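S.K.: After the sequence you'll find the predicted model.
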Amino acid sequence: MPVYVKVTRHGKPDFYVASRAHHADVGGTFPGSMGPAAKFTRKPAHSPVKIMRGGKIVADILALLLNNVRTPEEREGDLGAQIAACQTGAQRLREICERYGVARAKRAAADLLVYSRK
């Protein structure tokens, strides 16, 4: 989820937040949802789609996802929880930027990426 700290919402986001999860009953033909195209070429088998636009769930995308699982109510709850986690993460990141400044937060994020690569 893109995070905009500055007043303007045009241009590149200041940060991104993410919530990783395994959703039961969501996948494809191959175990782990990794078909040959993704598994051997390291390219996604399908293009990603946005489930949210402008801070709102895209109803058609949500319906497409839920129509292709056996337990749509559970999956909708899981997706809602993931979205809420991203929204909470974005709010906390904005609080960090307010307290320490955007530049310092960006330096810390860059430092974390370097550290994690090591």
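M.R.: Yep, that arrived. Computed from a predicted model, the values in this text were never measured in an experiment.

S.K.: Just the buried residues of stretch 72-86, please?
M.R.: If you call a residue buried by 16 or more other C-beta atoms under 10 Å, then stretch 72-86 has these buried ones: Arg75, Asp78, Leu79, Gln82, Ile83, Ala85, Cys86. (Glycine included, C-beta is placed from N, CA and C.)

S.K.: Which of the residues you listed sits closest to Tyr4?
M.R.: Distance ranking of the buried residues of stretch 72-86 against Tyr4, using C-beta to C-beta, places Cys86 first at 13.4 Å.

S.K.: and the residue nearest to the closest one when sequence neighbours are not counted, how many neighbours does it have?
M.R.: Distance criterion C-beta to C-beta, 6 or more residues apart in numbering; nearest residue to Cys86, sequence neighbours excluded, is Met1 at 4.1 Å. Around Met1 there are 17 other residues, counting by other C-beta atoms under 10 Å.

S.K.: need the contact list for Met1.
M.R.: By C-beta atoms under 8 Å, 6 or more residues apart in numbering, the residues touching Met1 are Tyr16, Val17, Ala18, Met52, Ile83, Cys86, Gln87, Gly89, Ala90.

S.K.: how about low-confidence regions in the protein?
M.R.: Scanning the chain for pLDDT under 70 picks out the ranges 7-9, 25-46.

S.K.: all strands for this structure, in order.
M.R.: Assigned by DSSP state E, the chain shows strands spanning 2-3, 15-16, 52-53, 56-57.

S.K.: Please name whichever of the ones you listed is nearest to Lys106.
M.R.: Ranking the strands of the chain by proximity to Lys106 (C-beta to C-beta) places strand 15-16 first, at 7.6 Å.

S.K.: Noted, bye for now.
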